[in-house]
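Participant: Next one to model:
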Amino acid sequence: MTVDDRTDGAGGAPLIALPEPARTGAVSMEETLTRRRSLRAFAPDPMSLQDVGQLAWAAQGITDASTGYRTAPSAGGTLPIEVDLLLHGAPGLEDGVYRYHPAEHALRLRRSGDLREAVTASTMNQGFVRDAPVVVVVAFREAELAAALQLAEGERPVYLMPVGRAG
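Facilitator: Presented below is the predicted three-dimensional model:
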């Protein structure tokens, strides 16, 4: 089993460059939101490396190299969210967990092997998690956030959604 627990882009497996993401599209944001639906059934086809790269970029990619701005908030780059991808059947990649490295628009293998059953078990056996060719895992400094929010023992933050009007 290959392991790379470091998040700073050093050590372990080599970086795997992803195809350049599309930065424009033919569908408006409003139409995208109107069409958005949650799915519980997935085609057995694997996702292409282009699609995996586009998904990773959409989750946490760099939109402006000079400022480090990202597709998702990261407190000015000081507290970026880490994105891992559980991949199965992606062409040219072994099954496993990959960390997305936004600055390089690349993946690094963290754990090799088919981990879908273990991950599915952690979701109370929701089979659609096992059946998806890609599972996006979004993480942040959970312990630090729980302490900052003074959460009770056993409570864990799972998602932050800042809301307000543009300044």
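Participant: Which helix or which strand is home to Val135?
Facilitator: Following DSSP states H and E, one finds Val135 within strand 134-139.
Participant: ok now the helix or strand just after that strand, how far from the chain's centre?
Facilitator: Using DSSP H and E, the helix or strand that follows strand 134-139 towards the C-terminus is helix 142-148. Here helix 142-148 is found 20 Å from its chain centre; the criterion is C-alpha atoms, centre = their mean, to the nearest Å.
Participant: Tell me which residue is most central in the protein.
Facilitator: Among the residues of the chain, the one closest to the centroid is Val83, at 3.4 Å (C-alpha atoms, centre = their mean).
Participant: Name the residues of the strand holding Val135 that are buried.
Facilitator: Residues of strand 134-139 classed as buried by neighbour count (16 or more other C-beta atoms under 10 Å): 134-135. All C-beta spots, glycine's among them, are computed from the backbone N, C-alpha and C.
Participant: ok, residues contacting that strand?
Facilitator: Here strand 134-139 makes contact (C-beta atoms under 8 Å, 6 or more residues apart in numbering) with 47, 52, 55, 59, 81-88, 90, 97, 116, 119, 129.
Participant: Now with 10 Å, please.
Facilitator: For strand 134-139, the surrounding residues in contact (C-beta atoms under 10 Å, 6 or more residues apart in numbering) are 7, 42, 46-47, 51-52, 55-56, 58-60, 72, 81-90, 97-100, 115-116, 119-120, 123, 128-129, 158-159.
Participant: Within the sheet, what are the partner strands of it, with directions?
Facilitator: Counting by DSSP bridges, the strands paired with strand 134-139 are strand 82-87 (antiparallel).
Participant: can you give me how far the helix or strand following the partner strand is from the chain middle?
Facilitator: As assigned by DSSP H and E, the chain's next helix or strand after strand 82-87 is strand 96-101. Centroid separation between strand 96-101 and its chain, computed with C-alpha atoms, centre = their mean, is 8 Å.
Participant: now do stretch 46-61
Facilitator: Using C-alpha atoms, centre = their mean, the mean C-alpha position of stretch 46-61 is found 9 Å from that of the whole chain.
Participant: For that stretch, buried residues please.
Facilitator: Buried positions in stretch 46-61, judged by neighbour count with 16+ other C-beta under 10 Å: 46-47, 49, 52-57, 59-61.
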